[in-house]
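*Asks:* Curious how this folds, go ahead:
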Amino acid sequence: MNDDFIKLLVRKRIIQIFVFLFFALIIYELIKIQIVENISYLAKSEQNSIKKMEQQAPRGVFYDRNFKLLVTNKPSFVAIITPTKYDSKFDSLLENKLQLDSGYIQKILSQSTTSRFLPIKIKKDIGYDFIAWYEENSDKLPGISYEIEIQRDYITELSGAHAFGYTKEITSKQLQDNKETYSYGDIVGSAGLEKYYEKELKGQKGISYILVDSKQRVIGKYADGKHDIPPVKGNDLVLSLDYNLQKVAEESLEGYRGGVVAIEPKTGEILVFASSPTFNLSQFAGSISPETWQTLLNDPKKPLFNRVSSANYSPGSSYKMVLALAGLEEKIITTSWTIGCGGGLLFGNKFFACTHAHGSVNVTRAIEGSCNTFFYQLMLKIGLANWAKYSRLLGFGSKTGIDFPEDNAGLIPDSNYYDKTYGEGKWRKGFLISLGIGQGECSVTILQLAQYAALLANYGETYKPHLVKGVIQNETQNYIPLKFKKIKVPISKNTFDIVRDGMYRVVHGNGTARSVLIPGITIAGKTGTVQNPHGANHAVFIAFAPYDDPKIAVAVLIENVGFGATYAAPIARRIIQEYLGLKEQNIELVDTTKVN
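*Replies:* I've put the predicted structure just below:
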C-alpha cells in the first residue's frame, strides 16, 4: 500500500512538472512574440517608414487671342532641408556646392516659421551636377534632399512682363490668410494676370506616399501608389492680347518710357498692353536673387513700374473731345458757335497761349487744329461741374474695372476738390482754363485714354476693358468665354458725329496728325503734347480705325520726348497698320531720337 501511494505521488509530481513545463513554454512564446520580436518589428518599422510628399500642380498656361502659346511650364530642381534631421556641420559643404554665401543656410532655417519636421527650400534652379553629387552621397547627408517643382517658361519673343505678371514663393502673411489652401513654399501669382487669376491658374496639389529607410533613402512607392492623389493642372487662360500686335508695340517702345494700349471697341478686349521700360520675366521664373531684385528696384528707369494702368499723366490736348462733347450735349454750344483765336487768351492779368493764331474756328475746326483758345473759352462757358460730369461719364476719375490688380482711378477735380485743397471760396476761375486743354490737376492713365478712344469710336458703347477672353477648363478642355459688363454712355449719336468728324480731320484734313495717314484706311485721332514741369513734354496720341467701322482704338503716351504728332502718333500708326493687315504699305516711321 505504501508502494502504491509512492507510485501515485510520483505520477502526480510528473504530471505537475509536465503541466508546468507546458505553461512555461506557452509563456515563453508569448513573451517572445509580444516583447522580443516586437522590438525587432519596431526596429524594422523605424528603418522603413512612409513619407507623405506634396506634388506641385502645374499652373494653367497663357494663350493669345489666336491660341498661340505665350506662357507655359517647365520642371526645375530645388534643394531642400528638413531641420529635425539636418546637422549644421554640413552648412559649409552645402553652401559651397550650391554656391551660397556663408551663413545663408542658418539664416533661412532661423527665419522659417513652419514646423521643423517639414522640408524648407534652400535654393531653386539647382543644376544636374548637384543632383549627381547628392545621389552618390545621399546616405551621408541626413536631412538634405531635393524635389522637382514646376516653374514658368516664357517661350516667345514677347516681354509681356507687366501684363503676364510673375509668380513668387508665398509670403508669411499670404500663408496666414490662406492656411487651408496653401502651404509653406508654395508658388503663387504675385503680379499681373498671374495674381488676378490665381484661383483659376493654381490647380490642385497632389500627394504621393513613398517608403524610405532610416537613412531617408527611397525604397519605393507605398502600396504601389494606390493611395496617391495626382496633381490637377490649373485652368488655361485665353488672353485678348494679339501676339503680333503686342510685339510691334514692344519693339516700337524700346528705348522709351511710356506705354501703349489698344482695344477692340465693340468688345472691350485689350489687344495691346505694353509698358516700357520692361524687364525679363525669366528672372522670376525660379528664384530671383536679392542682388537682381535690388537692381530692378533701384533702377532709375523703374522697369517694374506699370505705366499703363498705374501711372497718372495729364492727358493734354487728347482730352479736348471731353469738353466738346459736354458743350454740345448740354446744348451750351452748337457747330455754329465760333471764337476768334489770335494766338491765345488774356484772362485777368495772365495770358494763356495757343499754338498759333487759328482765326475764326468752330468746335470741329478747333479739334482739327487743336486750338487751345477755343477750349479755354469753352471751359469757362460750360463750367467745372459739366466738365467733371462728362469726364466721369467717359470713364475718367474712377477705376476701369479691368481684370487686373493694378487699376488707378486718376483724378478729376471738382469744386469739392478745390475747396478742400485751397479752401472754400479761395480758388478762382483761372484754375479751370488749364483743365480745358487737359492740363492742371486732371490726371488719367493710358488705359483710361484707350477706353476713351474706344467710346469715341463706338458712339459711347463698349465693354469693361479686359485682358482675358476666356478659360479652358483642365478637366473637360472646354473653352468658357468670360462675360464683362457693358458700358453705355448717355450721349447722343449726333453729338458723337460732330466730335468724331473733328478727329477725322486731324488725320485727313489740315490737322496735327496728317503723317499718320495710311492710304485706303480712314483714321480718326487726336494728338497731345503734355506740359511737364519736371522735364521735356510728354507725347500723346489716341486714335481709332477704320472710321466707319472701328476695329481698333489705340492710346500711346511717351514720356519726356516732345510733340505727340512726332513721337506717339507714328507708334499708333504702326499698330493700326499691323492689325488691319496692311504690312505691304511699308510706311516709314518718323525718325526720332529716343531717350535713355
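*Asks:* Going along the chain, name the helices of the stretch 51-200 of the chain.
*Replies:* For the stretch 51-200 of the chain, the helices defined by DSSP state H, counting those that start in this stretch occupy 91-97, 104-111, 128-137, 161-164, 172-177, 192-196, 198-201.
*Asks:* Dump those helices to CSV, plus distance to Gly397, mean neighbour count and mean pLDDT.
*Replies:* Every C-beta, even on glycine, is put in place using the N, C-alpha and C of the backbone. What follows is the helices of the stretch 51-200 of the chain, written out as CSV (distance: least, Cβ to Cβ, whole Å; neighbours: other Cβ atoms under 10 Å; pLDDT from 0 to 100):
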stretch, distance to Gly397, mean neighbour count, mean pLDDT
helix 91-97, 54, 16, 93
helix 104-111, 43, 14, 89
helix 128-137, 55, 12, 92
helix 161-164, 23, 26, 98
helix 172-177, 31, 13, 86
helix 192-196, 23, 23, 98
helix 198-201, 29, 19, 97
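*Asks:* For Phe484, find the nearest of these.
*Replies:* Ranking the helices of the stretch 51-200 of the chain by proximity to Phe484 (Cβ to Cβ) places helix 192-196 first, at 13.5 Å.
*Asks:* how about JSON lines for the helices of the stretch 51-200 of the chain, with distance to Thr462 added?
*Replies:* Below are the helices of the stretch 51-200 of the chain laid out as JSON lines (distance: least, Cβ to Cβ, whole Å):
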{"stretch": "helix 91-97", "distance to Thr462": "56"}
{"stretch": "helix 104-111", "distance to Thr462": "48"}
{"stretch": "helix 128-137", "distance to Thr462": "52"}
{"stretch": "helix 161-164", "distance to Thr462": "19"}
{"stretch": "helix 172-177", "distance to Thr462": "35"}
{"stretch": "helix 192-196", "distance to Thr462": "20"}
{"stretch": "helix 198-201", "distance to Thr462": "24"}
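*Asks:* Ok, which of those comes nearest Phe273?
*Replies:* Going by Cβ to Cβ, the one of the helices of the stretch 51-200 of the chain nearest Phe273 is helix 161-164, 4.3 Å.
*Asks:* and the longest strand along the chain, what does it pack onto?
*Replies:* Longest strand in the chain, counting residues (DSSP state E): strand 69-81. Packed against strand 69-81 by the contact rule (3 or more Cβ pairs under 8 Å, 6 or more residues apart in numbering; DSSP states H and E) you find strand 62-63, strand 120-124, helix 128-137, strand 144-154.
*Asks:* contacting residues around the third one?
*Replies:* Contacting residues not belonging to helix 128-137 are listed as Phe77, Ala79, Lys97, Leu98, Leu141, Ile144, Ser145, Tyr146 [Cβ atoms under 8 Å, 6 or more residues apart in numbering].
*Asks:* Just the CA atoms of that helix, as CSV, please.
*Replies:* Provided in CSV are the C-alpha atoms of helix 128-137 (Å, rounded to 0.1, in the frame of the first residue of the first chain):
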residue,chain,number,x,y,z
TYR,A,128,22.4,68.4,-62.6
ASP,A,129,25.9,68.4,-61.1
PHE,A,130,24.4,68.9,-57.6
ILE,A,131,21.8,66.2,-58.2
ALA,A,132,24.6,63.7,-59.3
TRP,A,133,26.7,64.6,-56.2
TYR,A,134,23.7,64.2,-53.9
GLU,A,135,22.6,60.8,-55.3
GLU,A,136,26.1,59.5,-54.8
ASN,A,137,26.4,60.7,-51.2
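*Asks:* For the most centrally placed residue in the chain, which non-adjacent residue is spatially closest?
*Replies:* Closest to where the C-alpha atoms of the chain average out (Cα atoms, centre = their mean) is Gly192, at 0.8 Å. Closest residue to Gly192 apart from its sequence neighbours, by Cβ to Cβ, 6 or more residues apart in numbering: Gly165 at 2.0 Å.
*Asks:* okay, now the one you found: neighbour count?
*Replies:* Taking other Cβ atoms under 10 Å as the criterion, the count of residues near Gly165 is 24.
*Asks:* What of Arg505?
*Replies:* 19.
*Asks:* which residues sit in contact with it?
*Replies:* By Cβ under 8 Å, 6+ apart, the neighbours of Arg505 are Thr364, Arg365, Ile367, Glu368, Gly511.
*Asks:* Can I get these in JSON lines including distance to Tyr86 and neighbour count?
*Replies:* Listed next are the contacts of Arg505 as JSON lines, based on distance: Cβ to Cβ, whole Å; neighbours: other Cβ atoms under 10 Å:
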{"residue": "Thr364", "distance to Tyr86": "77", "neighbour count": "19"}
{"residue": "Arg365", "distance to Tyr86": "78", "neighbour count": "21"}
{"residue": "Ile367", "distance to Tyr86": "71", "neighbour count": "30"}
{"residue": "Glu368", "distance to Tyr86": "74", "neighbour count": "25"}
{"residue": "Gly511", "distance to Tyr86": "72", "neighbour count": "23"}
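*Asks:* Throw the residues you listed into a markdown table and include secondary structure and distance to Ile518, thanks.
*Replies:* As requested, those are exported to a markdown table (DSSP: H, G, I helix; E, B strand; the rest coil; distance: Cβ to Cβ, whole Å):
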| residue | secondary structure | distance to Ile518 |
| --- | --- | --- |
| Thr364 | helix | 22 |
| Arg365 | helix | 23 |
| Ile367 | helix | 20 |
| Glu368 | helix | 18 |
| Gly511 | coil | 15 |
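*Asks:* which residues of the stretch 201-350 of the chain fall in helices?
*Replies:* Under DSSP H, counting those that start in this stretch, the stretch 201-350 of the chain gives helices at 243-253, 282-285, 290-298, 320-329.
*Asks:* between these, which one is nearest to Ala223?
*Replies:* helix 282-285 (35.4 Å).
*Asks:* which parts of the closest one are buried?
*Replies:* Using 16 or more other Cβ atoms under 10 Å as the burial criterion, the residues of helix 282-285 that qualify are Gln283, Phe284, Ala285.
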